[in-house]
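A.B. asks: fold the following for me, if possible:
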Amino acid sequence: MTARVGVVTFPGSLDDKDAARAVSLAGAEPVALWHADPDLKGVDAVVLPGGFSYGDYLRCGAIARFAPLMSELVPAARSGALPVLGICNGFQILCESHLLPGALTRNSSLRFVNRDQVLRMENTRTAWTNGYDEGQEILVVLKSGEGSYVADEETLDQLESEGRVVARYVGGNPNGSRRDIAGVTNAHGNVVGLMPHPEHAVEALTGPSTEGLGFFTSILGHLAAPAQA
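C.D. replies: The predicted structure follows:
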């Protein structure tokens with residue numbers, strides 16, 4: 001049976017269509033989910049896409065965490081049952097929802113950054129990264145104004161010791177993120193937040209590479225694994 005991956009649209013989402021296309025190219029069925037509808041429609045996994053949910057008023061993702069859909073998503077993700085990938089604004093929403101530690105703040109340059117970005121994959125055991133090799137470098141797109149990942153030293157040390165840093169920036173830190181962190185995961189490995197945009201690197205015609213597709217094929221491998229056990 002084809003895996004069904006929900007893609008949430010909030011007011012101000014920009015990359016929901018791109019995420020849905022990436023899901024489709026990976027071989028899954030994208031399912032549109034609306035922020036105001038608490039029904040997850042029985043999907044197998046969820047992508048929180050990039051954009052400016054609710055206009056980024058108050059703080060990026062701070063209002064989206066209270067969306068009706070999140071009332072069902074948060075407990076399912078927290079239990080480890082529901083795989084969730086938060087990209088850019090989606091990462092911010094995951095932090096605001098306390099599904100991931102830390103926060104995303106203004107870039108150290110105080111400017112919006114839009115560039116092709118190399119990442120080094122650090123944790124390839126998550127639901128969303130198992131298709132990569134540890135230490136593999138991939139080229140994706142980074143576009144954000146508030147992409148600097150911050151956390152206190154104790155939290156950063158815990159993430160490091162537990163292997164929960166998913167990816168780091170290579171070739172210079174583009175936004176001032178602590179310890180060059182580009183993405184992190186929760187303890188279960190089912191929730192991943194990533195500031196760069198893998199969904200913009202899935203087709204040779206439009207992306208700097210196709211190396212972002214691995215995030216979307218990884219979830220298929222994760223969902224198929226129990227049936228193979």
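A.B. asks: how near is residue 85 to residue 153?
C.D. replies: Using CB to CB, to the nearest Å, residue 85 is found at 27 Å from residue 153. Where C-beta positions appear, they are placed from N, C-alpha and C, glycine not excepted.
A.B. asks: wait, residue 65
C.D. replies: From residue 65 to residue 153 the distance is 25 Å (CB to CB).
A.B. asks: which of those two has more residues huddled nearby?
C.D. replies: Neighbour tally, residue 65 and residue 153, criterion other CB atoms under 10 Å: the higher count belongs to residue 65, 19 against 9.
A.B. asks: just the strands in this structure please.
C.D. replies: 4-9, 29-34, 45-48, 84-87, 103-105, 113-121, 137-144, 148-150, 165-170, 181-185, 191-194 (DSSP state E).
A.B. asks: so what pairs up with residue 197 in the strands?
C.D. replies: Note on residue 197: beta-bridge partners residue 141, judged by DSSP bridges.
A.B. asks: which residues are in contact with it?
C.D. replies: Each residue near residue 197 by CB atoms under 8 Å, 6 or more residues apart in numbering is listed here: 15, 18, 50, 87, 88, 140, 141, 142, 143, 212.
A.B. asks: I'd guessed the first one sits against residue 50; true?
C.D. replies: If I follow you right, that is residue 15. Yes - the criterion here is CB atoms under 8 Å, and residue 15 meets it with residue 50 at 4.0 Å.
A.B. asks: ok, and what's touching the lowest-mean-pLDDT helix or strand in the chain?
C.D. replies: One helix or strand of the chain scores below all others by mean pLDDT, DSSP states H and E: helix 214-228, with a mean of 87. Applying CB under 8 Å, 6+ apart, the contact partners of helix 214-228 are 3, 5, 22-23, 25-28, 44-45, 83, 85, 126-132, 138, 192, 194, 198-199, 202.
A.B. asks: sketch out the low-pLDDT regions of this structure for me.
C.D. replies: Counting by pLDDT under 70, the chain has low-confidence residues at 226-229.
A.B. asks: spatially central residue for it, please.
C.D. replies: Centroid-nearest residue in the chain: residue 86, 2.9 Å away (criterion: CA atoms, centre = their mean).
A.B. asks: which positions are bridged to that one in the beta structure?
C.D. replies: residue 48, residue 193.
A.B. asks: before we move on, back to that, from the contacts of helix 214-228, list the buried ones, please.
C.D. replies: 3, 5, 22-23, 25-26, 28, 44-45, 83, 85, 126-132, 138, 192, 194, 198-199, 202 (16 or more other CB atoms under 10 Å).
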